[in-house]
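Q: have a look at this fold, sequence not included:
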């Protein structure tokens with residue numbers, strides 16, 4: 001049986017090849033969009049390095065789960081966690097778990113990423129559909145659309161309804177003081193974003209409930225209208241972790257007008273940068289990701305695929321945790337337009353010009 005790493009790298013290489021073909025046909029493919037001066041609805045609290053370590057651990061953990069039975073949990077399942085729910089949909093392979101930590105005071109919904117041929121097929125589904133269950137859309141605006149594959153995995157076969165029933169009871173009745181965290185890696189990260197937006201809509205009448213999404217290596221999820229809508233929700237924060245030249249967050253190519261909601265935490269070789277709502281805001285003087293962010297990973301898709309592996313994220317954040325006070329945020333401000341003028345910006349394109357880093361598959365950082 002082909003390994004998970006081989007299958008995901010093969011899929012990513014095919015995506016990169018398609019990107020390069022389209023890039024040759026459409027030279028004018030990356031329109032720079034202003035955020036539309038959307039007020040920041042997310043919490044002003046930046047994720048800490050402990051938050052980042054927790055979500056990458058959870059995102060890795062769900063890959064090895066089969067059910068919530070204690071004897072069937074993976075050996076690395078932490079003793080401070082309790083598994084409340086696990087399901088793998090038979091029709092498309094979507095895997096999701098709900099776990100609780102009384103020690104750390106949170107309830108977390110965690111999606112697995114792309115680890116089967118069926119998932120890969122959904123990854124390449126470019127159809128845009130209205131957000132929510134079929135014929136029961138969650139947003140009146142018909143332009144609020146997301147990937148058809150993502151939408152089906154989250155809302156198909158009643159999965160979201162089952163998750164909402166469980167999570168609502170836990171957060172509203174059993175553990176009202178706990179944080180509600182939603183996360184996942186790769187395609188699981190995209191599913192986590194759609195689920196977080198749906199949770200924020202459903203739980204909006206309850207003032208004490210705030211939905212925290214911290215996704216890992218998520219691809220683009222929806223249209224510009226979906227991005228604006230997600231960013232406008234006052235009870236939701238979206239933070240997307242991106243490691244170096246991970247190729248998946250650059251997919252699908254923006255020539256298809258798929259966009260990223262939320263803030264981008266770009267974890268580079270030598271520093272971590274946070275981009276306000278990904279595209280920035282000229283009025284607020286926050287910078288968006290610079291032009292090379294979109295293109296550079298396709299110069300070396302093999303390295304971009306290696307950067308996508310969940311182990312690479314774990315190694316990076318564990319190394320980062322050893323270099324800072326783990327009680328503080330590992331990123332504390334957004335990159336400003338002034339910062340970019342002063343040269344504080346994404347620098348991973350230099351990776352390909354550095355002989356000593358050109359084959360750095362250990363994915364460590366240099367301080």
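A: Yep, that arrived. Since the model is a prediction, treat every value here as computed from it, not as a measurement.

Q: tell me the secondary structure at residue 199.
A: helix (DSSP: H, G, I helix; E, B strand; the rest coil).

Q: looks like it contacts residue 166 (just checking).
A: No. Between residue 199 and residue 166 there is no contact under CB atoms under 8 Å: 11.5 Å. Backbone N, C-alpha and C define where each C-beta goes, glycine included.

Q: who's more crowded, these two?
A: The neighbour comparison of residue 199 against residue 166 (other CB atoms under 10 Å) goes to residue 199, with 25 against 15.

Q: list the contacts of residue 95.
A: The neighbours of residue 95, taking CB atoms under 8 Å, 6 or more residues apart in numbering as the test, are 62-63, 65, 86-89, 111-112, 188.

Q: just residue 217 next, same as before
A: So residue 217 contacts 113, 185-186, 189, 241-243, 246, 248-249, 308, 310, 313 (CB under 8 Å, 6+ apart).

Q: check residue 170 too.
A: Applying CB under 8 Å, 6+ apart, the residues near residue 170 are 84, 98, 100, 107, 178.

Q: can you put these in a markdown table and add pLDDT?
A: Formatted as a markdown table, these follow (pLDDT from 0 to 100):
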| residue | pLDDT |
| --- | --- |
| 84 | 98 |
| 98 | 98 |
| 100 | 98 |
| 107 | 98 |
| 178 | 98 |
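
Q: how about these in TSV, adding neighbour count, distance to residue 141 and secondary structure?
A: Formatted as TSV, the contacts of residue 170 follow (neighbours: other CB atoms under 10 Å; distance: CB to CB, whole Å; DSSP: H, G, I helix; E, B strand; the rest coil):
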residue	neighbour count	distance to residue 141	secondary structure
84	17	33	strand
98	21	30	strand
100	20	34	strand
107	21	30	strand
178	17	32	coil
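
Q: of the contacts of residue 95, which belong to strands?
A: 86-88, 111 (DSSP state E).

Q: just give me the neighbour total for residue 75.
A: Residues near residue 75, counting by other CB under 10 Å: 5.

Q: now do the same contact list for it.
A: Contacts of residue 75 by CB under 8 Å, 6+ apart: none found.

Q: now it: which helix or strand?
A: If you go by DSSP states H and E, residue 75 is not part of any helix or strand.

Q: quick one, strands of the protein?
A: 81-88, 95-101, 106-111, 128-130, 145-147, 179-184, 211-216, 236-243, 263-267, 272-275.

Q: out of the ones you listed, which comes closest to residue 293?
A: Closest to residue 293 of these is strand 263-267 (CB to CB; 7.4 Å).

Q: quick one: strands adjacent to the closest one?
A: strand 236-243 (parallel), strand 272-275 (antiparallel) (DSSP bridges).

Q: on that earlier part again, the strands of the chain into JSON lines, with extra columns for distance to residue 226?
A: What follows is those, written out as JSON lines (distance: least, CB to CB, whole Å):
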{"stretch": "strand 81-88", "distance to residue 226": "25"}
{"stretch": "strand 95-101", "distance to residue 226": "21"}
{"stretch": "strand 106-111", "distance to residue 226": "18"}
{"stretch": "strand 128-130", "distance to residue 226": "9"}
{"stretch": "strand 145-147", "distance to residue 226": "6"}
{"stretch": "strand 179-184", "distance to residue 226": "16"}
{"stretch": "strand 211-216", "distance to residue 226": "14"}
{"stretch": "strand 236-243", "distance to residue 226": "12"}
{"stretch": "strand 263-267", "distance to residue 226": "16"}
{"stretch": "strand 272-275", "distance to residue 226": "18"}
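
Q: between those strands, which one is closest to residue 157.
A: Of all the strands of the chain, it is strand 81-88 that lies closest to residue 157, at 9.5 Å by CB to CB.

Q: residues contacting the closest residue to residue 258 other than its chain neighbours?
A: Distances taken as CB to CB, 6 or more residues apart in numbering place residue 220 nearest to residue 258, at 3.8 Å, with adjacent residues excluded. Contact partners of residue 220, counting by CB under 8 Å, 6+ apart, are 249, 251-252, 254, 258-260.

Q: all set now, cheers.
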